[in-house]
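Q: here's my sequence, what's the structure:
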Amino acid sequence: EQCVCKWFKSGSVFEKEFFELDIHAVQKAEQIIKQWNFAGFVNRVIRLNIPQVWTFTDGFRKGQKVLQEPFIENWQKFNSNSGWADDDTPWPRVMQALSHFSYHISSGQHVLCDLQGGVYSDGVVLTD
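A: From the prediction side, this is the model:
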């Protein structure tokens, strides 16, 4: 299976706690997306890639942690955390609605933004 390896160039590349926070954020996003799908706002499913934390065991990156997740075909950016949004086609508009929904369903505690992923025939797969 094709995959994507995400590493950080500096800072917390060896710290277990940093990656645990990232995984916790993905889990929260997954909960919100499940609520969205259950509500049935659109007739397709939104899925979320769940990354795993891997640690290099040899070479010059030995000990460095990375996030590993399945590769997404047809990747595109739907919106950003600065307010930009692609409004040209239906799926980016759905992603804007998901961002809005996340704020309200969490009583203003969370906003899913900077949404990126791939559009497939049965829905969308998002990445963290």
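
Q: just say helix, strand or coil for Gly117.
A: In three-state terms, and counting by DSSP: H, G, I helix; E, B strand; the rest coil, Gly117 is strand.

Q: now do the longest helix seen in the chain, average pLDDT.
A: If you go by DSSP state H, the chain has its longest helix at helix 16-39. Averaged across helix 16-39, pLDDT comes to 92.

Q: so which elements touch the following helix or strand past that helix?
A: The helix or strand immediately downstream of helix 16-39 is strand 45-48, counting by DSSP states H and E. When contacts are defined as 3 or more Cβ pairs under 8 Å, 6 or more residues apart in numbering; DSSP states H and E, strand 45-48 sits against helix 16-39, strand 123-127. Quick note: C-beta positions are derived from backbone N, CA and C, even for glycine.

Q: deepest of those, which one?
A: The highest mean neighbour count among these, using mean count of other Cβ atoms under 10 Å, belongs to strand 123-127: a mean of 21.

Q: and that one, how far from the chain's centre?
A: 8 Å (Cα atoms, centre = their mean, to the nearest Å).

Q: tell me what that strand is packed against?
A: If you count contacts as 3+ Cβ pairs under 8 Å, 6+ apart, strand 123-127 packs onto strand 45-48, helix 90-105, strand 116-120.

Q: tilt between the longest one and strand 116-120?
A: Yep, that's helix 90-105 we're talking about. With axes from the mean of the first three to the mean of the last three Cα atoms, to 10 degrees applied, the angle from helix 90-105 to strand 116-120 works out at 130 degrees.

Q: and the angle from helix 90-105 to strand 123-127?
A: In terms of direction (the same axes, to 10 degrees), helix 90-105 departs from strand 123-127 by 60 degrees.

Q: report the angle between helix 90-105 and helix 16-39.
A: Using the same axes, to 10 degrees, helix 90-105 lies at 100 degrees relative to helix 16-39.
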